[in-house]
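# dropping the sequence and predicted coords here.
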Amino acid sequence: MISGTLLFDVAPVGGGIAAIFGIAFFFVLAAVAFITYRLLKKTVKMAVRMTIVVAILLIALIGSVALLLFGSGGGKPAPRPTPATQKSTK
């Protein structure tokens, strides 16, 4: 029988998860921008609509890039300290 703690022994790869969340975040906010554009079509002028849509897409782009860069965890793992005592071999 497999113990439940063995499932959490190794951390998942951060880069792949961050990429998926970044892309999903962008697509969700792109859909919000499209819906906002369609809802404001008859009520406000084109310049105001485009300003709102550009602001939403800019937030989506910055957020997805931040998730991709900071969510990957990149770099080398921290070095392990050497043990204070060494085993004697007989």
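Now that the structure is in, tell me what you want to look at. Keep in mind the model is a prediction, meaning the values are calculated, not measured.

# show me the shaky parts of this structure.
Where the chain drops to pLDDT under 70, the residues are 1-15, 72-78, 83, 86-90.

# what ranges do the helices span in this structure?
14-39, 46-70 (DSSP state H).

# tell me what angle the first one forms with helix 46-70.
If you take axes from the mean of the first three to the mean of the last three Cα atoms, to 10 degrees, helix 14-39 sits at 170 degrees to helix 46-70.

# check which residues of helix 14-39 are buried.
18-19, 22, 25-26, 29-30, 33 (16 or more other Cβ atoms under 10 Å). Quick note: C-beta positions are derived from backbone N, CA and C, even for glycine.

# which of these lies closest to L68?
Taking Cβ to Cβ as the measure, L68 sits nearest to G22 out of those, at 4.4 Å.

# OK, contacts around the closest one?
The contact partners of G22, by Cβ atoms under 8 Å, 6 or more residues apart in numbering, come to 63-68, 71.
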